[in-house]
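Undergrad: Everything below, folded, please.
(chains A and B)
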Amino acid sequence: MPKNPYLNVLAYAIIAVIFIAIASYGLGRLARLISKKMGASSRKQDSTFSGYFFAAPWIIGFLIFVIVPLGYSLYWSFTDYRITANVPINLVGFENYARLILNDTGFRSSIVNTLFLTAVGLPCMIAAALFLAVLLNQKTHGERVFRMAFYLPVILGFNTAVLLCWRLMLNTGTGIINQLIRAISNAFPPFSYLVRGVIFIQELVSGFFLGLNSGRFSLLTRVWEAGFPAANRVPLWVESPLWTKMSVVLLMVWGCGAMMLIFLAGLNNVPRELHDAAEVDGANSWQHFWKITFPLLTPYVFYNLVVGLIAFLQIFEPIYVLYRDNQPLVSSATSMVYYLWQASFRNFQIGYGSAISWLILLLILALTAIQFATQRRWVNYELY
Amino acid sequence: MRTKLFILLILASIVVSACATATTAPPTQPAAAPTNTTAPVTEQVTLKIYLLDYTADTIDWLENEINPAFEAAHPGVTVELTQGSWSGWDTTFAGFFAAGEGPDIINLGSEMNTLYGPSLADMDAYLGEAAWPDINNFGPALQNAMYEGKLRGLPIFTAPRYVFCRTDLATGTLPPKSFADWVAFAKANTVIDPATNSLTQQALIPVDAGSMADWQWWLLVFYSIGGQLYKADGTPNFDSSEALATTQFMLDMRQATYGPAADAVGSLPTGQGSVIDVNDDTGEDNGAICLAHSGWAAPAADRPVWENVSIEPFYGDTANFPNSKPVVLAFNDWLAVADYSKNKELAADWLKMAFTKEANNKWNETMSLIPARNDSQYGYVIESPILKKEAELAAQYGVGFAGIEESAQLSVIMQDVLGRVVTEELTPEEAVQQIQEQYITALGE
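TA: This is a model prediction of the structure:
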């Protein structure tokens, strides 16, 4: 290739474009041929060619970047492939799957952690997104600024700067979140009881889940024995295994802007006349929301539930950025995908990692299927 | 019309591909026998080197001095430096090894020789004593650049873990020389602010300030009381009395600092600069009395705080373990040659040029670290009292952090288990038993 890296990239780009054009043409011709064999008219053959020719770039990309890796991953899941071993790959049948399901306590812990994050985090995220959407749906000055502000976390994502900010904000002693809790508690003592109550319940729940992971409930017992938290207690966000998962939940809730936008779109679709009729009947704001708005928003809630569930079951980034270099804490927050990353890219067990990825896929499929099966009971499609 | 377009596209692709092929120079240097370092290379070859987190001064020096000199001595060879980061490096390297293609020379840490060893080139023919007598000048760090007794590359620097202490702030005798002394020291030198239930002063900050039970710190303590990672038959030695005592010490130190796990004391706030330094903005100390870490975490060499900082090894626990010895755990960075490289001989030539006595000194001067070559420890090393002291301690008490089988898995196992020791989910006895069992399983895989 040319020595100049820019020319090099240019040459590769040209080759890629030519390849895509030729492959698209070939796919179109193939489709036309099949159409001809099936007795289609000449006009139909032409339209088949055009359709496949224009769809081909995506189809080719999908084949190369999704189907082929998928096939490899499936194959590797039945092997002992390990990148750095420098030895031939051996087929081991279902050994990886059997080990994962029957023996691997780490994988089991990662499932429990992921389910905890999903069960606690997803409702919190949807509630926060819905709350913000309802607020932003009010016609007030600067609503666009607020919309942008709440959507900004989605754009920022979990990059290094964001991570650093969160770490500083979550610092137990000097972080702004705990400082705020302390300040409000001092100014308004009942708030202190509320916070400590939340801390107590949260630590009991986390202790229970950590006990499920390890098979021992000693941490839960210790939290219980310590009793109601002292007046100076604050959340130990990124410091205690009892709080690691809640820190992740906090980060996920912070990034609820995309869900909020979906809800905003849904709120705009609720017919005004329904609210006017309710107004005439004397409904209050609470009744407006629960009797009109929410039922008509259920398709949007369902969509966010499906997408959110998949996102939570695949949660990786917040754990990676918050705990990757905080090793003693990471095991209390390890999700299924983090465990997959650990097996594949830290231990280089590609075969084992591939098996994990297929099990995750099956789990996601099963839970999504359950969601679809139960949606008829609560999702209202009357408007759509 | 469509057929003409199709033919045109095919012709264009052939032309572009042909142009590309004509300018491509396949790197086909055989890795047979070592040759003269200035052997002429007639074909166009790019020697690719992947470095992790080096300073701008280091990169400037490599690009302005070493690489031009190397390219002049090897006509037709271009050296290409790529700079990566220790954050995410493992994923990047996994890609190189999976594809069997990537940089010829890669940057590794000391414990990685066993993890990557099977995929690294045997460089004895090029860098062994017979081919390069300079190899005898490398210190103990060279062990970290070997796998199965064969050289896989060369170490750049040595960065041992010392115990740095603030002599002006410490209460009690420095340095503590037994486990009991350390626990007493931790109790006497730790301050918790009752208003925030958080630490405002911490007696000792080892590798991980929060848990105080990081696996690297555990290994340092373990080695200092005479612990051996493997038994004579090669099985792990976590069921030894040394392993149990080390784990108990981790828990005792943690509790002497943070109290029982249920007390939920907050950690020391994040400060500016090193934890044993002084914050220039506020004039207040950052809060740590002692730091068990390498020079990376210590204050910069020109900081005034050094007037009040002692540098010591970790002394073990002679009272209970007669085999105790002062230890500084020697980490290092090293450059390895990948087995997939088609330019092994060129890679060796580049390493020889970048690791001469003078070059190893210069390279480390750009980072203020201790050169891996013994004969390179001159100039700035002995002119700086800090580096001089560190170099002396490393030479006297240095223990390598290498030869750990399945190091990645062991680190995960130990971190998980030790994390549960400090939260009192596991007793030290249960912890060492779990580490032993899980590590044996990992080795069996």
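Undergrad: biggest helix in chain A by residues?
TA: helix A:5-37 (DSSP state H).
Undergrad: For the stretch 201-350 of chain A, list the residues in contact with chain B, please.
TA: Proximity of the stretch 201-350 of chain A to chain B, by C-beta under 8 Å from any C-beta of the partner chain, involves residues A:210, A:214, A:216, A:218-219, A:222-223, A:225-226, A:229-230, A:232-234, A:236, A:239-241, A:324, A:326-332, A:341-342, A:344-350. (Glycine included, C-beta is placed from N, CA and C.)
Undergrad: and the stretch 101-250 of chain B, which of its residues are near chain A?
TA: Proximity of the stretch 101-250 of chain B to chain A (C-beta under 8 Å from any C-beta) is limited to residues B:115-119, B:193-200, B:208, B:210-211, B:213-215.
Undergrad: and the residues you listed, which of them are in helices?
TA: Counting by DSSP H, these contribute B:Leu115, B:Tyr116, B:Trp215 to helices.
Undergrad: which of those are buried?
TA: Among those, those scoring as buried are B:Leu115, B:Tyr116, B:Trp215 (criterion: 16 or more other C-beta atoms under 10 Å in any protein chain shown).
Undergrad: ok, now which ones touch the residue of the stretch 201-350 of chain B found nearest chain A?
TA: Closest residue of the stretch 201-350 of chain B to chain A, C-beta to the nearest C-beta: B:Gly266 (3.1 Å). By C-beta atoms under 8 Å, 6 or more residues apart in numbering or on different chains, B:Gly266 lies in contact with A:Asn171, A:Thr172, A:Gly173, A:Asn178, A:Val234, A:Leu236, A:Glu239, B:Thr196, B:Asn197, B:Ser198, B:Leu199.
Undergrad: rerun at 10 Å
TA: B:Gly266 sits next to A:171-175, A:178, A:232-237, A:239-240, B:192-193, B:196-200, B:210, B:258 when contact means C-beta atoms under 10 Å, 6 or more residues apart in numbering or on different chains.
Undergrad: Next: A:Ser24.
TA: Per C-beta under 10 Å, 6+ apart, neighbours of A:Ser24: A:Tyr52, A:Phe53, A:Phe54, A:Ala55, A:Ala56, A:Pro57, A:Trp58, A:Ile59, A:Ile60.
Undergrad: And it, how close does it get to chain B?
TA: Remark: distance between A:Ser24 and chain B (C-beta to the nearest C-beta, to the nearest Å) = 10 Å.
Undergrad: swap in A:Val307?
TA: As judged by C-beta to the nearest C-beta, A:Val307 and chain B stand 26 Å apart.
Undergrad: which element is that residue on?
TA: helix A:294-313 (DSSP states H and E).
Undergrad: Can I get stretch A:73-92 in CSV, CA atoms only?
TA: Coordinates of each C-alpha in stretch A:73-92 appear next as CSV, following Å, rounded to 0.1, in the frame of the first residue of the first chain:
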residue,chain,number,x,y,z
SER,A,73,-19.0,-16.8,18.1
LEU,A,74,-21.3,-19.8,18.0
TYR,A,75,-18.5,-22.1,16.7
TRP,A,76,-16.0,-20.8,19.3
SER,A,77,-18.5,-21.3,22.1
PHE,A,78,-18.0,-25.1,21.5
THR,A,79,-14.2,-24.8,21.6
ASP,A,80,-11.5,-24.1,24.1
TYR,A,81,-10.2,-21.2,22.0
ARG,A,82,-7.8,-18.9,23.9
ILE,A,83,-6.1,-16.1,22.2
THR,A,84,-2.7,-16.1,23.8
ALA,A,85,-2.3,-19.9,24.1
ASN,A,86,-0.8,-20.2,20.7
VAL,A,87,-2.2,-23.8,20.4
PRO,A,88,-4.8,-25.2,17.9
ILE,A,89,-8.4,-24.8,18.8
ASN,A,90,-10.1,-27.9,20.1
LEU,A,91,-13.8,-28.7,20.0
VAL,A,92,-15.1,-29.3,23.5
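Undergrad: hmm, that stretch in reach of chain B?
TA: Yes: remark: stretch A:73-92 sits within contact range of chain B at A:Asp80, A:Tyr81, A:Arg82, A:Ile83, A:Thr84, A:Ala85, A:Asn86, A:Val87, by C-beta under 10 Å from any C-beta of the partner chain.
Undergrad: what is the mean pLDDT for stretch A:201-217?
TA: Taken as a whole, stretch A:201-217 carries a mean pLDDT of 88.
Undergrad: send the alpha carbons of it over as CSV?
TA: What follows is stretch A:201-217, C-alpha atoms only, in CSV (Å, rounded to 0.1, in the frame of the first residue of the first chain):
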residue,chain,number,x,y,z
ILE,A,201,-33.3,-0.6,53.6
GLN,A,202,-30.9,-0.3,50.7
GLU,A,203,-28.1,-1.9,52.6
LEU,A,204,-30.4,-4.7,53.8
VAL,A,205,-31.5,-5.4,50.2
SER,A,206,-28.0,-5.2,48.9
GLY,A,207,-26.7,-7.4,51.7
PHE,A,208,-29.4,-9.9,50.8
PHE,A,209,-28.4,-9.9,47.1
LEU,A,210,-24.7,-10.1,48.0
GLY,A,211,-25.6,-13.1,50.2
LEU,A,212,-27.3,-14.7,47.3
ASN,A,213,-24.1,-14.3,45.3
SER,A,214,-21.8,-15.8,47.9
GLY,A,215,-24.2,-18.2,49.5
ARG,A,216,-23.5,-16.5,52.9
PHE,A,217,-25.6,-13.8,54.5
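Undergrad: Pull out the buried residues from the residues of stretch A:73-92 next to chain B.
TA: Buried, going by 16+ other C-beta under 10 Å: A:Asp80, A:Tyr81, A:Arg82, A:Ile83, A:Thr84, A:Ala85, out of the residues of stretch A:73-92 next to chain B.
Undergrad: mind checking pLDDT for the closest residue to B:Val327 other than its chain neighbours?
TA: Spatial nearest neighbour of B:Val327, chain neighbours left out: B:Ser224 (4.1 Å); criterion: C-beta to C-beta, 6 or more residues apart in numbering or on different chains. You'll see B:Ser224 listed with a pLDDT of 96.
Undergrad: got it, and A:Val337?
TA: pLDDT, A:Val337: 96.
Undergrad: so what's it closest to, chain neighbours aside?
TA: With C-beta to C-beta, 6+ apart as the criterion, A:Val337 has its nearest non-adjacent residue at 4.2 Å, and that residue is A:Phe316.
Undergrad: Go ahead and confirm that neighbour touches A:Ser357.
TA: No: with contacts counted by C-beta atoms under 10 Å, A:Phe316 stays clear of A:Ser357, the gap being 11.9 Å.
Undergrad: Redo the buried ones among the ones in helices among the residues of the stretch 101-250 of chain B next to chain A as a markdown table? Include pLDDT.
TA: A markdown table is the format used below for those (pLDDT from 0 to 100):
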| residue | pLDDT |
| --- | --- |
| B:Leu115 | 82 |
| B:Tyr116 | 87 |
| B:Trp215 | 91 |
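Undergrad: got the buried residues for stretch B:69-82?
TA: Residues of stretch B:69-82 classed as buried by neighbour count (16+ other C-beta under 10 Å): B:Phe70, B:Ala73, B:His74, B:Val77, B:Val79, B:Leu81.
Undergrad: ok, now stretch B:414-431?
TA: Neighbour-count burial for stretch B:414-431, counted by 16+ other C-beta under 10 Å, picks out B:414-428, B:431.
Undergrad: With stretch B:227-238 instead?
TA: By neighbour count with 16+ other C-beta under 10 Å, stretch B:227-238 contains the buried residues B:Gly227, B:Leu229, B:Pro236, B:Asn237, B:Phe238.
Undergrad: Quick check: phi and psi on the residue of the stretch 201-350 of chain B closest to chain A?
TA: phi -80, psi 150 (degrees, to the nearest 10).
Undergrad: Which pLDDT value does the model give A:Leu363?
TA: For A:Leu363, the pLDDT comes out at 96.
Undergrad: That one - how many residues pack around it?
TA: When counting by other C-beta atoms under 10 Å in any protein chain shown, one arrives at 15 neighbours for A:Leu363.
Undergrad: Excluding residues flanking it in the chain, which one is nearest it?
TA: Nearest in space to A:Leu363, with sequence neighbours left out and distances taken as C-beta to C-beta, 6+ apart, is A:Leu313 at 6.7 Å.
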